[in-house]
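In: turn this into a model:
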Amino acid sequence: MDFIDHRKPVEFRQDSAAKKIEHRFHGRLAHAIPPEALKAIEKYLENPAGIDDSGRLKRTARALLSQYCRLPESTIRMFSDRAGIFQAILEVYGHDPTDILLATPVENHFINKDEYRESSVGNFYSWSPFFNDCKGLLVRAARNKGIVYLANPNPLTGSIYSTDEIRYLLERLRERMLIIDETYFEYYGDSCADLVRRFGNLIIIRSLVEGMMHEEYLCRYIITSPANLSELKDSRYVREPGTVSLAAMIEILRNLDFVKGQIEIIRENKISVEARLRRIGVICRQTPADRLLVEIESPGEAAEFLNSRGILAEDLSSHHQLENYLALIIGDDRYSNSIIEAFQTMPKVFLSKKMVNQPRMILCRSSEAANALY
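Out: Down below sits the predicted model:
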């Protein structure tokens with residue numbers, strides 16, 4: 001398969017908005033998004049008042065997103081920020097107080113608004129953070145009357161619910177709203193989005209090219225039934241993306257070969273980094289997202305050490321069942337070499353976790369399945 005050569009530098013004026021934006025992206029990829037998207041950002045940032053294209057951009061973005069998702073526009077709604085999505089869902093489908101069940105370990109996105117401070121947030125833990133337990137989740141959900149949330153794939157653990165498993169849950173959670181967070185679905189190559197045609201108790205949350213786009217210009221969207229979107233549209237938390245985000249989104253959707261190339265590089269380097277780290281005694285787990293899980297004695301100190309050397313690492317020890325793990329964000333060849341160099345110089349006391357025998361996890365679907373999304 002031929003991909004655009006995204007390792008080749010793209011030149012912008014040194015004082016241009018795009019150049020400044022490029023420097024704000026993670027240093028793990030030579031170029032985080034297509035050059036056309038950076039140029040679109042540059043155009044609208046440098047002349048924000050002189051261009052009134054918001055209506056045209058919204059129409060174009062909706063049409064392209066519908067084509068990308070292979071679903072009608074009536075099932076898709078764009079949001080400007082992630083917090084707004086969760087608060088809109090709570091406002092419409094939550095009752096104060098309401099029951100929220102998280103299939104953990106996951107980040108809790110339902111805790112940052114005062115008006116929902118009395119809501120009950122429960123946690124369901126499978127027997128292992130790396131494997132699913134649908135029947136156990138249903139037993140725990142039987143005590144809930146509100147919202148059930150799960151990330152698929154889970155960026156903290158790499159666990160994946162198949163479409164059949166999600167259908168199984170939806171058929172038995174008829175009185176509850178099931179929120180599926182597919183933020184990293186582009187790395188995995190599969191989605192349950194087509195189930196919104198059949199189930200009215202399903203809301204899917206996504207980001208476009210998560211991990212490749214600066215948070216300020218990232219476009220979020222949800223997929224659900226037209227009836228649910230009709231209920232959500234009047235929420236005071238519904239805010240559509242701004243002009244700059246829409247312009248970038250359009251160019252990303254028009255240049256998906258570039259995105260495929262970036263994801264393929266991340267896949268290849270995840271395998272390479274894991275193999276190289278194992279040679280020096282570091283225990284790793286693959287995930288379908290843009291990261292490796294590293295089992296380590298002192299994840300907090302190790303993450304701080306790596307971050308100080310320009311490596312993106314997240315301490316996961318605050319999550320139950322992940323007390324000895326950190327998430328290592330993977331990038332291009334240059335960045336991958338920096339990861340290995342950092343681990344080679346890391347104090348051994350951080351790495352002294354004993355090797356244990358654990359079942360290997362399937363990375364994700366085949367490349368062909370992932371490419372079929374585009």
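In: all the helices of this protein, residue numbers only.
Out: Using DSSP state H, the helices of the chain run over 17-24, 35-46, 54-69, 82-93, 134-141, 163-172, 185-188, 226-232, 243-254, 256-279, 299-307, 333-345, 367-371.
In: and the gap between the closest residue to Y221 other than its chain neighbours and R62?
Out: Distances taken as Cβ to Cβ, 6 or more residues apart in numbering put M78 closest to Y221, at 4.6 Å, once the chain neighbours are dropped. Backbone N, C-alpha and C define where each C-beta goes, glycine included. If you measure M78 against R62 using Cβ to Cβ, to the nearest Å, the figure is 7 Å.
In: identify the contacts common to these two.
Out: Here M78 and R62 share no contacting residue, scored by Cβ atoms under 8 Å, 6 or more residues apart in numbering.
In: so which of the helices of the chain is nearest R220?
Out: With Cβ to Cβ as the measure, helix 82-93 is the member of the helices of the chain nearest R220 (5.5 Å).
In: tell me which other helices or strands the closest one touches.
Out: Secondary structure elements in contact with helix 82-93, counted by 3 or more Cβ pairs under 8 Å, 6 or more residues apart in numbering; DSSP states H and E, are strand 147-151, strand 177-181, strand 202-207, strand 220-224, helix 226-232.
In: any chance of these in a markdown table, plus mean pLDDT, distance to D332 and mean neighbour count?
Out: Putting the helices and strands packed on helix 82-93 into a markdown table (pLDDT from 0 to 100; distance: least, Cβ to Cβ, whole Å; neighbours: other Cβ atoms under 10 Å) gives the following:
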| stretch | mean pLDDT | distance to D332 | mean neighbour count |
| --- | --- | --- | --- |
| strand 147-151 | 92 | 25 | 24 |
| strand 177-181 | 94 | 26 | 24 |
| strand 202-207 | 94 | 20 | 24 |
| strand 220-224 | 94 | 25 | 23 |
| helix 226-232 | 94 | 38 | 16 |
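In: where in the stretch 101-250 of the chain is pLDDT low?
Out: Segments of the stretch 101-250 of the chain classed as low confidence (criterion: pLDDT under 70) are 111-119, 144, 213-214.
In: ok, 80 please
Out: Filtered on pLDDT under 80, the stretch 101-250 of the chain yields the residue ranges 109-121, 143-145, 209-218.
In: hmm, back to that, looking at the helices and strands packed on helix 82-93, which is closest to P72?
Out: helix 226-232 (8.0 Å).
In: what does the closest one rub up against?
Out: P72, S74, T75, R77, A88, I89, V92, G200, I203, I222, T224, V238.
In: now with 7 Å?
Out: Counting by Cβ atoms under 7 Å, 6 or more residues apart in numbering, the neighbours of helix 226-232 from elsewhere in the structure are S74, T75, R77, A88, V92, G200, I203, V238.
In: from memory T163 sits against C192, does it?
Out: Yes. Counting by Cβ atoms under 7 Å, T163 touches C192, with 4.8 Å between them.
In: pLDDT score for the nearest residue in space to E274 that is not next to it in sequence?
Out: What sits nearest to E274 in space, not counting adjacent residues and going by Cβ to Cβ, 6+ apart, is C284, at 4.4 Å. On pLDDT, C284 comes in at 92.
In: domain-wise, how is this protein divided?
Out: Per the record, the chain has its domains at 46-254, 260-371, by automatic domain parsing.
In: for those domains, give me a markdown table that also has distance to A37.
Out: Conversion of those to a markdown table gives the following (distance: least, Cβ to Cβ, whole Å):
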| stretch | distance to A37 |
| --- | --- |
| domain 46-254 | 4 |
| domain 260-371 | 12 |
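In: tell me which of the ones you listed lies nearest to I33.
Out: Nearest to I33 among the domains of the chain is domain 46-254 (5.7 Å), distances taken as Cβ to Cβ.
In: and that closest one, how far apart are its ends?
Out: Counting by Cα to Cα, to the nearest Å, you get 22 Å between the two ends of domain 46-254.
In: give me the neighbour count for P153.
Out: Other residues near P153 number 22, with proximity taken as other Cβ atoms under 10 Å.
In: wait, doesn't it sit right on D190?
Out: No. P153 is beyond contact range of D190, at 9.0 Å (criterion: Cβ under 7 Å).
In: okay if I get the helices of the chain as JSON lines plus distance to P288?
Out: What follows is these, written out as JSON lines (distance: least, Cβ to Cβ, whole Å):
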{"stretch": "helix 17-24", "distance to P288": "27"}
{"stretch": "helix 35-46", "distance to P288": "24"}
{"stretch": "helix 54-69", "distance to P288": "19"}
{"stretch": "helix 82-93", "distance to P288": "20"}
{"stretch": "helix 134-141", "distance to P288": "18"}
{"stretch": "helix 163-172", "distance to P288": "14"}
{"stretch": "helix 185-188", "distance to P288": "4"}
{"stretch": "helix 226-232", "distance to P288": "27"}
{"stretch": "helix 243-254", "distance to P288": "20"}
{"stretch": "helix 256-279", "distance to P288": "9"}
{"stretch": "helix 299-307", "distance to P288": "21"}
{"stretch": "helix 333-345", "distance to P288": "18"}
{"stretch": "helix 367-371", "distance to P288": "9"}
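In: ok, which of these comes nearest L218?
Out: For these, the distance to L218 is smallest for helix 243-254, at 7.2 Å, taking Cβ to Cβ.
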